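Engineer: Build me a structure from this.
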Amino acid sequence: MYEYKLLDALLKDVYKTLETKAPAFREDDYRCWMAHGIIAKGDNVPCPVNLMNGSLTEEVTDFAGTYVKDADKGIIAHIKEQGNLVEVTSLNHRYPSCWRSEMPLIYRAVPSWFVAVESIKEKMLVNNKTTYLVPSYVKENEDGKEVVVIDSIAELEELSGKKVTDLHRHFIDHLTIPSRQGKGVLCRIEDVFDCWFESGAMPYAQLHYPFENKELFETNFPADFVAEGLDQTCGW
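Structural biologist: Below is the predicted model:
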């Protein structure tokens with residue numbers, strides 16, 4: 001069930017440490033296995049926890065079918081019976097839980113499909129040069145341009161030296177602020193289409209509602225789960 005390996009990073013101190021590694025349940029453990037050549041990217045890793053109900057699978061013969069959070073005491077007793085128990089301690093720490101049910105969450109690897117970006121990296125870099133993004137600095141974030149994001153009316157007033165009573169465009173477009181890099185003055189950027197408008201239109205657009213799939217849409221709206229990652233904003 002577990003792979004034991006002495007970690008070089010832990011051997012630099014005055015004592016040696018033997019640590020269990022569970023790459024399907026901890027990101028650092030997965031990186032350790034990768035770094036030491038135990039697995040390669042894309043390989044399956046030992047993951048004896050049922051994805052549907054959080055119980056131990058048949059690989060854990062003595063506790064198969066037991067919910068992982070209920071198996072701790074039994075596993076400790078089993079190790080003790082084998083004469084391999086060194087010490088049992090308890091630590092208080094924060095632990096994530098489901099905000100709906102308040103049940104503890106299980107951090108485990110799940111089957112996923114990913115594009116092998118490494119194999120097409122160079123082609124993507126070439127293609128990215130042909131794209132046009134608004135505002136332009138989103139595409140080249142190291143082009144030396146100075147960008148200042150204003151967090152409040154108070155900050156805008158402080159930087160511009162003007163009193164602000166209304167945030168509508170025609171009241172603030174004329175305001176400028178001094179460059180912190182000594183490049184003169186900074187002006188508000190040109191209009192940017194609100195990406196949240198696009199995200200909000202997704203349920204309708206994907207089904208061409210209301211022109212098509214009216215019944216399908218109305219029986220499934222709203223979506224149960226919507227995910228959006230930072231990776232979606234890079235290299236589009």
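Engineer: could you give the mean pLDDT of stretch 97-114?
Structural biologist: The pLDDT scores in stretch 97-114 average 84.
Engineer: Can you get me the start-to-end distance on that stretch?
Structural biologist: End-to-end span of stretch 97-114 (CA to CA, to the nearest Å): 27 Å.
Engineer: need the contact list for residue 45.
Structural biologist: Residue 45 sits next to 23-24, 30, 33, 39, 109 when contact means CB atoms under 8 Å, 6 or more residues apart in numbering. Any C-beta I mention is one placed from the backbone N, CA and C, and that applies to glycine too.
Engineer: Tell me which entries of these lie within helices.
Structural biologist: Within those, residues falling in helices by DSSP state H are 30, 33.
Engineer: so what pLDDT did the closest residue in space to residue 188 that isn't next to it in sequence get?
Structural biologist: Sequence neighbours aside, residue 173 is the residue nearest to residue 188 in space, at 6.0 Å (criterion: CB to CB, 6 or more residues apart in numbering). On the pLDDT scale, residue 173 is placed at 87.
Engineer: Report the separation between residue 173 and residue 162.
Structural biologist: Using CB to CB, to the nearest Å, residue 173 is found at 12 Å from residue 162.
Engineer: of the two, who's got more company?
Structural biologist: More neighbours surround residue 162 than the other of residue 173 and residue 162, with 13 against 10 (other CB atoms under 10 Å).
Engineer: Give me the nearest residue to the more buried one, chain neighbours excluded.
Structural biologist: Per CB to CB, 6+ apart, closest to residue 162 is residue 175, 5.8 Å.
Engineer: give the contact list for that neighbour.
Structural biologist: Counting by CB under 8 Å, 6+ apart, residue 175 has contacts 156, 160, 162, 164, 188.
Engineer: Low-confidence stretches in the protein?
Structural biologist: By pLDDT under 70, the low-scoring segments of the chain are 1-20, 134-144, 190-200, 225-236.
Engineer: For it, just list every one of the helices.
Structural biologist: 27-35, 72-81, 117-128, 153-160, 169-172, 195-205, 214-220.
Engineer: So for the last one, what gets flagged as buried?
Structural biologist: Pointing back at helix 214-220 there. For helix 214-220, burial by neighbour count (16 or more other CB atoms under 10 Å) applies to residue 217.
Engineer: who's in contact with that helix?
Structural biologist: Residues contacting helix 214-220 (CB under 8 Å, 6+ apart): 203-204, 207, 209-210.
Engineer: Now restrict these to buried residues only.
Structural biologist: residue 207.
Engineer: Please produce TSV containing the contacts of helix 214-220, extended by distance to residue 71.
Structural biologist: As requested, the contacts of helix 214-220 are exported to TSV (distance: CB to CB, whole Å):
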residue	distance to residue 71
203	41
204	46
207	44
209	47
210	51
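Engineer: Export only the CA atoms of stretch 29-45, formatted as CSV.
Structural biologist: In CSV, the C-alpha atoms belonging to stretch 29-45 read as follows (Å, rounded to 0.1, in the frame of the first residue of the first chain):
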residue,chain,number,x,y,z
ASP,A,29,4.6,12.8,-2.3
TYR,A,30,3.8,12.6,-6.0
ARG,A,31,6.6,15.0,-6.9
CYS,A,32,9.0,12.9,-4.7
TRP,A,33,8.1,9.7,-6.6
MET,A,34,8.6,11.5,-9.9
ALA,A,35,11.9,13.0,-8.8
HIS,A,36,13.3,9.6,-7.7
GLY,A,37,12.1,7.8,-10.8
ILE,A,38,9.6,5.6,-9.1
ILE,A,39,6.9,6.6,-11.5
ALA,A,40,6.8,8.6,-14.8
LYS,A,41,4.2,11.2,-15.8
GLY,A,42,1.0,9.4,-16.8
ASP,A,43,1.7,6.2,-14.7
ASN,A,44,-1.0,4.9,-12.4
VAL,A,45,-0.2,5.2,-8.7
